[in-house]
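Q: sequence? don't have it. structure:
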């Protein structure tokens, strides 16, 4: 009989059964939390005394990894093994049909992490990375302060994660300590850094850094640095966020009621000189809860509902990409070379078969199909899917979370925002405009109100046309230059004007149809239905 501990199990989580793989230094905490949530089914660890002690305290079954993967009662595995094993164990678990929670880092190689993300998506399995602080109530409140504009414009973020030990040999301090800090910083800024610089010290081992400082520069002008060390006289876990109107400090070493302090400091300009204006720190009240419990509960909920985890594989991949760039910069700095590593050099090796100009930026978590081309000064944000033989012109911004089909052409100066989907064969003319919110305000965040826009197969959008969000453009429809679309558009419709009205019909080949509804280019025949729509006659 499974012992769920002293905390009442959450009824919503009882239908998900978890095997914890690796029950030592950190894994025992996962065992405790999954047991308290009523989801612990099995323990996997080669050290029998550890397993026996945890079984006596929390219940469950002792299994080998192979037995856990073969057990139909087990829905998911939580991996807390050494980082070098994360990829292999997660891959085998996904292939066995299990949902996977894996402690940071997702892998030690970017290519492996990308493969895990693709595998999880193909098999429709939840893949979640243990970036614990993304579930800390204090960090979530800090993120809300930033999102709501309480700090003004975000300017600078820095994080210190310092301690004496635990010293590792399978990864350096950067990979051991920094993932949590990078995850928080990327979440606060909302984009990936343009450049990553890193320097470090090697005191206990000539090839494993014990102390590193990583500097990040972001496209919006934000800056950040991460200082990590396992050779430090005292423990410190502190995140400082500096905005134009106020500053905030998340100090995890403080008592709960003082973990988050808001400093209403400002810098005012007098006689063309910056003058600091100081104010007393204000503690921010945050309801107390255990971050790991919330993280485990979130994973169980995502497994049960099919929701995307807050720190899913793609989020883990973004953090991993920055870590990899920092490692490269660390290596260069150790050899006396230039330490800054921009985002673009990885493009050629990550997207074989695609042509991407050296001035374009491609964030982590992007899929680009073979034969696609991305030209000068364009930026592809995270979680974008671009099909095969897509041509993206100059100064184009796409994403995040946009899907683009095969054989799409996007001309210069187009922004394809989150919420927009372009099916195969869509043409977007120069400077055409998509929106994703109907009532935007600069000081009000409306990300939860994004409206979906679907541009169906073969549709054409003319130069400088505007597509107001929340509408569908039918197959092979044709939006004239400068038109403003404010309603759904039927298939094959020719739309013009402000607001756009149907002024005729277009053939699949892009020719205007006359009264006989016969395409002058191909001879294809069409007819109007009783509902006033157009259909092609087979």
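A: Sure thing, it's come through. None of the values given here were measured: they were computed from a predicted structure. Numbers count the residues shown, from 1 in each chain.
Q: buried ones in stretch 66-76?
A: Residues 68, 69, 71, 74, 75, 76 are the ones in stretch 66-76 that count as buried (16 or more other CB atoms under 10 Å). C-beta coordinates here come from the backbone N, C-alpha and C atoms, glycine included.
Q: for stretch 15-23, same thing?
A: By 16+ other CB under 10 Å, the buried positions in stretch 15-23 come out as 16, 17, 18, 19, 20, 21, 22, 23.
Q: Which of the buried residues of stretch 66-76 fall within helices?
A: Residues of these located in helices (DSSP state H): 68, 69.
Q: okay, the buried residues of stretch 66-76 in JSON lines with distance to residue 142 and pLDDT next?
A: Listed next are the buried residues of stretch 66-76 as JSON lines, based on distance: CB to CB, whole Å; pLDDT from 0 to 100:
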{"residue": "68", "distance to residue 142": "37", "pLDDT": "96"}
{"residue": "69", "distance to residue 142": "39", "pLDDT": "96"}
{"residue": "71", "distance to residue 142": "40", "pLDDT": "95"}
{"residue": "74", "distance to residue 142": "36", "pLDDT": "96"}
{"residue": "75", "distance to residue 142": "33", "pLDDT": "96"}
{"residue": "76", "distance to residue 142": "29", "pLDDT": "97"}
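Q: Now render the buried residues of stretch 66-76 as CSV, adding distance to residue 367.
A: Listed next are the buried residues of stretch 66-76 as CSV, based on distance: CB to CB, whole Å:
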residue, distance to residue 367
68, 31
69, 27
71, 33
74, 30
75, 27
76, 25
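Q: Looking at the buried residues of stretch 66-76, which one is closest to residue 320?
A: residue 76 (21.4 Å; CB to CB).
Q: If residue 211 is in a bridge, with which residues?
A: residue 201, residue 229 (DSSP bridges).
Q: Is it correct that it is in contact with residue 203?
A: Yes: here residue 211 lies in contact with residue 203, judged by CB atoms under 8 Å, at a distance of 7.4 Å.
Q: Tally up the residues packed near residue 49, please.
A: By the measure other CB atoms under 10 Å, the count of residues near residue 49 is 8.
Q: ditto for residue 529
A: Residue 529 has 8 nearby residues by other CB under 10 Å.
Q: Name the nearest residue to it, ignoring sequence neighbours.
A: Of all residues not flanking residue 529 in the chain, residue 535 sits nearest, at 5.9 Å (CB to CB, 6 or more residues apart in numbering).
Q: just residue 292 next, same as before
A: residue 33 is the one closest to residue 292 (CB to CB, 6+ apart), at 5.4 Å.
Q: Okay, the one you found and residue 16: tell me how far apart.
A: Distance, residue 33 to residue 16, by CB to CB, to the nearest Å: 13 Å.
Q: do residue 470 as well
A: Look at residue 470 and residue 16: by CB to CB, they are 35 Å apart.
Q: for the stretch 251-400 of the chain, what spans make up the strands?
A: Counting by DSSP state E, counting those that start in this stretch, the stretch 251-400 of the chain has strands at residues 260-263, 266-270, 273-277, 282-283, 341-342, 355-356, 361-362, 367-368, 373-374, 379-380, 385-386, 391-392, 397-398.
Q: I'd like those as JSON lines, with mean pLDDT appended.
A: Formatted as JSON lines, the strands of the stretch 251-400 of the chain follow (pLDDT from 0 to 100):
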{"stretch": "strand 260-263", "mean pLDDT": "94"}
{"stretch": "strand 266-270", "mean pLDDT": "76"}
{"stretch": "strand 273-277", "mean pLDDT": "78"}
{"stretch": "strand 282-283", "mean pLDDT": "93"}
{"stretch": "strand 341-342", "mean pLDDT": "56"}
{"stretch": "strand 355-356", "mean pLDDT": "88"}
{"stretch": "strand 361-362", "mean pLDDT": "86"}
{"stretch": "strand 367-368", "mean pLDDT": "92"}
{"stretch": "strand 373-374", "mean pLDDT": "92"}
{"stretch": "strand 379-380", "mean pLDDT": "92"}
{"stretch": "strand 385-386", "mean pLDDT": "94"}
{"stretch": "strand 391-392", "mean pLDDT": "96"}
{"stretch": "strand 397-398", "mean pLDDT": "96"}
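Q: Show me the one of those strands that comes nearest residue 433.
A: Going by CB to CB, the one of the strands of the stretch 251-400 of the chain nearest residue 433 is strand 397-398, 11.9 Å.
Q: ok, which stretches of the stretch 1-150 of the chain are helices?
A: 27-36, 48-58, 65-70, 86-95, 110-123, 137-147 (DSSP state H, counting those that start in this stretch).
Q: Off-centre distance for the first one?
A: Pointing back at helix 27-36 there. Here helix 27-36 shows a centroid-to-chain-centroid distance of 26 Å under the convention CA atoms, centre = their mean, to the nearest Å.
Q: check contacts around the residue nearest to residue 292.
A: Applying CB atoms under 8 Å, 6 or more residues apart in numbering to residue 33 gives the contacts 290, 292, 293, 296.
Q: Many thanks, have a good one.
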